[in-house]
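J.: Output the structure for:
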Amino acid sequence: MGTPDFAIPSLMALMEGPDDVVAVITQPDRPKGRRGDLSPPPVKLLAQQNNVPVYQPEKVKDKGFLPQLKALNPDVIVVVAYGQILSREILDIRLKWCINIHASLLPKYRGSAPINWALINGEKVTGVTSMIVSAALDSGPILLKKEVPIGADDDVKILHGKLSTAGGELLSETMNGIRKGDLTPVPQNESEATYFPMLEKSDGLIDWHKKAEEIRNRIRGLNPWPGTYTYLSGTMLKIFKAEVIGRKGTVTTPPNPIFIKEGVPKAGTLVVESGQYPKMPGTVLEVNNEGIIVVTGEGYLSLKELQLEGKRRMGVAEFIRGYKIEKGMVLGS
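T.: Numbering: from 1, shown residues only. From the prediction side, this is the model:
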């Protein structure tokens with residue numbers, strides 16, 4: 001049972017192993033692109049290429065599908081990024097094993113977006129876990145784990161690829177253990193469990209009062225979806241890549257500030273005390289072909305890849321040639 005690209009190495013591992021893959025169960029074809037043409041899940045395409053029967057119930061919990069599943073008479077069900085929760089009726093089928101490959105080192109990072117949240121939280125190491133599927137989400141006994149280091153420049157796409165490959169390798173090890181009969185399920189330590197929710201578009205709004213490193217991690221963890229964004233003179237500005245360049249007090253070239261004597265400044269203005277560097281988070285300190293340097297709650301962030309609403313994504317050098325962004329402007333809503 002699997003749907004997206006993440007499950008491909010796992011299905012390949014099963015098909016290349018000694019076991020008989022009697023069926024693939026995946027999500028229905030969904031509309032994709034501007035024309036809304038139906039697009040099959042990646043797992044379906046791979047299964048069809050290898051003559052493996054494919055089932056696509058709208059809801060795996062539907063009672064009408066349960067007899068079809070029972071008729072397959074599987075010894076093992078493997079769940080990898082399927083996208084639906086299995087019903088108690090499925091879990092009660094007489095199986096030797098019903099296992100799941102999860103993209104974190106359980107019991108940490110339970111939930112549907114473990115790759116994103118590991119990056120957002122600045123983790124240095126994550127991994128994959130094989131576990132027995134239980135009624136409670138991601139809480140079943142653990143079979144095996146495999147650690148995967150997180151690179152300093154990893155974003156979701158890069159880390160997704162690493163964990164997808166590791167998941168296939170771990171599944172092979174798990175299936176070998178099942179055949180040999182030497183796997184011992186270990187209950188998860190609930191006191192160490194962490195759960196993170198599904199992501200929403202609003203999670204991408206940048207809070208410039210956060211530390212520069214925290215903002216950069218959020219950019220990495222939300223690229224490509226739902227993406228991080230701020231506002232430039234009222235227009236949404238998406239940010240895909242950024243670098244931390246230092247901490248407070250390290251910038252030596254002050255901008256030309258606009259002094260506001262009273263009232264609350266609007267976006268596009270800068271407030272500083274006489275003779276002081278600007279402290280307002282979101283303030284643009286410098287603009288050049290290497291980056292747009294912005295003040296944060298702690299440190300400075302250099303923006304490298306951007307996209308103005310309705311326009312295409314581009315590097316900073318190209319961006320500043322086509323759009324007005326100057327020292328002293330304040331990013332934000």
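J.: E305 touches K241, doesn't it?
T.: Yes: counting by Cβ atoms under 8 Å, K241 is a contact partner of E305 at 4.0 Å. Every C-beta, even on glycine, is put in place using the N, C-alpha and C of the backbone.
J.: which stretches of the stretch 101-250 of the chain have low pLDDT?
T.: Within the stretch 101-250 of the chain, the stretches with pLDDT under 70 are 247-250.
J.: all strands of it, in order?
T.: Remark: strands assigned in the stretch 101-250 of the chain by DSSP state E, counting those that start in this stretch are 125-132, 142-149, 228-232, 235-246.
J.: With mean neighbour count as new columns, can those be given to me in a markdown table?
T.: Conversion of these to a markdown table gives the following (neighbours: other Cβ atoms under 10 Å):
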| stretch | mean neighbour count |
| --- | --- |
| strand 125-132 | 23 |
| strand 142-149 | 17 |
| strand 228-232 | 21 |
| strand 235-246 | 19 |
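J.: As JSON lines, these with distance to D5 would be great.
T.: JSON lines is the format used below for these (distance: least, Cβ to Cβ, whole Å):
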{"stretch": "strand 125-132", "distance to D5": "15"}
{"stretch": "strand 142-149", "distance to D5": "17"}
{"stretch": "strand 228-232", "distance to D5": "22"}
{"stretch": "strand 235-246", "distance to D5": "20"}
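J.: how many other residues sit next to the nearest residue to Q68 once chain neighbours are set aside?
T.: Computed as Cβ to Cβ, 6 or more residues apart in numbering, the closest residue to Q68 that is not its neighbour in sequence is Y55, at 6.5 Å. Counted with other Cβ atoms under 10 Å, residues neighbouring Y55 total 16.
J.: Likewise for S191?
T.: Neighbours of S191 under the rule other Cβ under 10 Å: 6.
J.: tell me the domain boundaries of the chain?
T.: 5-192, 201-322 (automatic domain parsing).
J.: Redo these as JSON lines? Include distance to L331.
T.: As requested, the domains of the chain are arranged in JSON lines below (distance: least, Cβ to Cβ, whole Å):
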{"stretch": "domain 5-192", "distance to L331": "20"}
{"stretch": "domain 201-322", "distance to L331": "4"}
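J.: Skipping its backbone neighbours, what lies nearest V60 in space?
T.: V60 sits nearest to Q84 (Cβ to Cβ, 6+ apart), 4.9 Å away.
J.: Could you check how far the one you found is from Q27?
T.: Here Q84 is placed at a distance of 7 Å from Q27 (Cβ to Cβ, to the nearest Å).
J.: now T194
T.: Counting by Cβ to Cβ, the gap from T194 to Q27 is 27 Å.
J.: Looking at the two, which is more packed in?
T.: Ranked by neighbour count (other Cβ under 10 Å), T194 and Q27 place Q27 first, with 20 against 14.
J.: mind listing what the nearest residue to that one once chain neighbours are set aside touches?
T.: The shortest distance from Q27 to any non-neighbouring residue, by Cβ to Cβ, 6+ apart, is to T3 (4.6 Å). Residues in contact with T3, defined by Cβ atoms under 8 Å, 6 or more residues apart in numbering, are T26, Q27, P41, P42, V43, A81, Y82, G83.
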